[in-house]
Every structure is written in structure tokens, then in C-alpha cells.
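S.K.: I would like the atomic coordinates for the input below:
(one chain, ligands or ions: 1)
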Amino acid sequence: MDIAERRQAIEPREISQVSDTHLRISWADEKVCDYDAARLRRACPCAQCVNEWTGERTLKPEVIPDEVEFKDVSIVGRYALNFRWSDGHETGIYSFQYLRDLCESGTERVSAH
Ligand SMILES: [Zn+2]
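M.R.: Down below sits the predicted model:
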């Protein structure tokens, strides 16, 4: 495996929308991550939700209802996902790296049910 191939380990092998509120990504390195729609929506990295200059999150988590759903999931180029949400928001570009980081860092905040 050369360096170029190793870098691609962060790529998803399979992206499946399990339900309206549950997305699952199986990564090229075999790790499987489950994402809750409301949690992903609250982590939206777009300029409306995060101050571009300070990196401070301007989106208030409590304005996002727990029932928010995925309306559409699309791949942006070869590096990111874009979600269309049931609340009408659709400007967030979630890089694979960001999604992977959310998965790695989020275990203590996610309750399984
Ligand atoms: Zn946003």
C-alpha cells in the first residue's frame, strides 16, 4: 500500500440511510459509524451555523428538534456529504474527515437510544 492509497482509508465504503433519522457509514478501514440525524444537524459546519472567523458555533442546539430527519443525502465530489434536512437546511458540507472525527469523538455524548 503506498501513501496515496493509505490516505484514502478515510473514505466511506458504504453509506446507508438506515431510517429517516439514522445514517450509517462503513469506512474503507472497516470501522462502522452510526449517526443520529439531530446530532449531525446540530454539528452542521456551514457558515450559517458556525462563525467562519472565530469557529464559534452560532447554531443553538435547542432550536433543532430531536425529530429532525434526513430528506436527502448526497456526495459532494469525493470528499464530503451534503444533507438536506426536514427543517429545510441544506448548506452544510460534511467532509469525510469531519464525519469520521464526529464519530471518533462522539461516543461519550451519544446515548444509544
Ligand atoms: Zn448549517
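
S.K.: elements contacting the biggest helix by length in the chain?
M.R.: In terms of residue count, the longest helix belonging to the chain (DSSP state H) is helix 96-105. Using 3 or more CB pairs under 8 Å, 6 or more residues apart in numbering; DSSP states H and E as the contact test, the elements touching helix 96-105 are strand 22-27, strand 32-36, strand 80-85. From N, CA and C alone the C-beta is placed, and that goes for glycine too.

S.K.: redo that, cut-off 7 Å
M.R.: Here helix 96-105 touches no other helix or strand, going by 3 or more CB pairs under 7 Å, 6 or more residues apart in numbering; DSSP states H and E.

S.K.: In it, which residues are buried?
M.R.: Of the residues in helix 96-105, 96, 98, 99, 100, 102, 103 count as buried by neighbour count, 16 or more other CB atoms under 10 Å.

S.K.: Repeat that for stretch 79-91.
M.R.: The neighbour-count check on stretch 79-91 (16+ other CB under 10 Å) flags 80, 81, 83, 84, 85, 89 as buried.

S.K.: looking at the sheet around the third one, what are its partners?
M.R.: It stands for residue 83. For residue 83, the beta-bridge partners under DSSP bridges are residue 73.

S.K.: From residue 29, how far out is it?
M.R.: Distance, residue 83 to residue 29, by CB to CB, to the nearest Å: 23 Å.

S.K.: Within range of the ion, give me the residues from the protein.
M.R.: Residues of the chain lying close to the ion (CB under 5 Å from the ion) are 44, 46, 48, 49, 92.

S.K.: Could you export those residues to a markdown table, including columns for pLDDT, distance to residue 23 and secondary structure?
M.R.: Rendered in a markdown table, the data for those read as follows (pLDDT from 0 to 100; distance: CB to CB, whole Å; DSSP: H, G, I helix; E, B strand; the rest coil):
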| residue | pLDDT | distance to residue 23 | secondary structure |
| --- | --- | --- | --- |
| 44 | 97 | 14 | coil |
| 46 | 96 | 18 | coil |
| 48 | 95 | 21 | coil |
| 49 | 97 | 18 | coil |
| 92 | 96 | 13 | coil |
